[in-house]
Every structure is written in structure tokens, then in C-alpha cells.
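Asks: got a structure for you, letters missing:
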């Protein structure tokens, strides 16, 4: 009987799969994001996750999948989970996440931009996945903090050990001149680089407007998912299979 129980537990798919990487993604839905931009952001994330190149990386090790959580944020007390922690072990898992993103409707929230609060919420979510071999917080935003704790005041003691924070900054997509638009995105990228990023190899990706969000998100995902854990699940050792270079 004991032998049969052991065989049952060791059968493929019955034991809980290892988690290769926990990726929490926070989307800025503050007052500067209108209804059209809101949909471009959620649909853009769905498009990026479903790109062929991203799927190749996501599904390369189904026995140790990437787990994702998506939440939207604005004011200090406004963080709403859109997609709870979900292991992406198969196209079916991804299809369920895609459907959730495309069907989600915006929830009422403060018009302000609390980047620090969004970071702390992301840290709390990632603490729920402490066993994952790698943990990453990815914050999308179109402006600096104007309320709540400032990112620069969130010290290392409040950042979970081993967590990397990357950023995807969204520049102006209005009709201003090209030089001014690029100056805006450069300033916001500098803000994120100086105050928001955490951990080794953290980086900022840039989207010049919400119309560019899907392409920028795909570049970001390819870069932060490039380190694929293929080592011993018990030790959490990982092997770097290369990194996409941003152009």
C-alpha cells in the first residue's frame, strides 16, 4: 500500500510543479490614462504574451512554469488584481489569462499616481511566491509619483530578498514634436532608473505612447524571461540561455 501511494505521488503532473519565475505585473490606471489607453494597455499585454517568441520562452520548461499575476494601480489604496497567480504551463493556461485581460473592465480608482504604493503591493504579491527560483516585479507607468510613499524612500529592508524590479515607461502619444516627446520619455526613464529599479540587471523598457505598448511589452518580456532555470529544482539553480538585446 505504501509503495502504491508513493508511485501515485510521483506520477507526472500529480506533484506540485516547481516555479521557474514569479512575474508580477502592475499596470498604471491613474487619471492620465483614458479609456482608449486603458484598453491599449490590457490588450497590449495580451498581444505580447501571445507572441510566438514569448510563447517559445514561456513553454520551454512546462515542469517548472512561469507564474504570472497582473494588477492595476493608481492611488495609494488602489491596487486591484486582474489575473491572480497563474502558472503558464500550456497554451490553455495562457488562453485563460488572455481572456481575463480582454474581458476585464476598469474599476473605480483614484486619479493619482502612487508608484511607491504600487511597488509595495507588488512586493506583497511576490512574497506569496517565495519558493520560486526567480521573482520579478514589472511596473508600467506614464508618470512619476505624486502621492503616497516615494519610491526613493522605500529602502532595501522593505524590498524582498532577491526580487528584481523592472519598469516599462509610457511616453506621450499626442501630436507634439518628436524632440519634445523623446525628451519626456527620456525624463521618465531616468526617474524609473534612479528611483524604481531594484536588483541586479534591472532595466527600463520604453513605449512611445500606448500605441507602442504591445511591442514594448514583448521586448520587455523577452528580456526578463531570458534567464531560464534548467538546473536542479531542489536547489533553484538557473542557467542563463542568453538575453534579447533591445534596439
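Replies: All right, it came through fine. Since the model is a prediction, treat every value here as computed from it, not as a measurement.
Asks: ok, longest strand in the chain?
Replies: strand 79-88 (DSSP state E).
Asks: and that one, what other elements does it pack with?
Replies: Under the contact criterion of 3 or more C-beta pairs under 8 Å, 6 or more residues apart in numbering; DSSP states H and E, strand 79-88 touches strand 21-28, strand 66-73, helix 91-103, helix 115-127. Any C-beta I mention is one placed from the backbone N, CA and C, and that applies to glycine too.
Asks: TSV for these, including distance to residue 147, mean pLDDT and mean neighbour count?
Replies: Listed next are those as TSV, based on distance: least, C-beta to C-beta, whole Å; pLDDT from 0 to 100; neighbours: other C-beta atoms under 10 Å:
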stretch	distance to residue 147	mean pLDDT	mean neighbour count
strand 21-28	13	97	25
strand 66-73	12	98	24
helix 91-103	27	97	15
helix 115-127	8	98	22
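Asks: Tell me which of these sits nearest to residue 139.
Replies: strand 21-28 (4.7 Å; C-beta to C-beta).
Asks: the inter-axis angle of that closest one versus strand 66-73?
Replies: 20 degrees (axes from the mean of the first three to the mean of the last three C-alpha atoms, to 10 degrees).
Asks: what element comes up after strand 21-28 heading to the C-terminus?
Replies: helix 35-49 (DSSP states H and E).
Asks: Tell me the buried residues in the helix or strand that that following helix is followed by?
Replies: Following helix 35-49 in sequence order, the next helix or strand is helix 52-58 (DSSP H and E). Using 16 or more other C-beta atoms under 10 Å as the test for burial, helix 52-58 gives 54, 57-58.
Asks: next one: stretch 147-156
Replies: 147-149, 151, 154.
Asks: What is the nearest of the residues you listed to residue 140?
Replies: Checking those one by one against residue 140 (C-beta to C-beta), the nearest turns out to be residue 151, at 14.3 Å.
Asks: For residue 34, see how far away that closest one is.
Replies: Distance of residue 151 to residue 34, given as C-beta to C-beta, to the nearest Å: 25 Å.
Asks: how deep is residue 184 tucked in, by neighbour count?
Replies: 18 (other C-beta atoms under 10 Å).
Asks: Would you mind identifying the next helix or strand past the host helix or strand of it?
Replies: Element membership for residue 184 (DSSP H and E) is helix 178-191. Heading C-terminal from helix 178-191, the first helix or strand you meet, by DSSP H and E, is strand 204-207.
Asks: Kindly calculate the angle that the helix or strand just after that next one makes with strand 66-73.
Replies: Per DSSP H and E, the first helix or strand lying C-terminal to strand 204-207 is helix 213-224. Note on geometry: by the same axes, to 10 degrees, helix 213-224 and strand 66-73 are set 140 degrees apart in direction.
Asks: Can you name the residues in contact with helix 213-224?
Replies: Identification of contacts with helix 213-224 by C-beta atoms under 8 Å, 6 or more residues apart in numbering yields 23, 40-41, 43-45, 47-49, 51, 53-54, 57, 136, 138, 140, 164, 166, 168, 170, 203, 205-207, 243-244, 246.
Asks: Fine, thanks again, bye for now.
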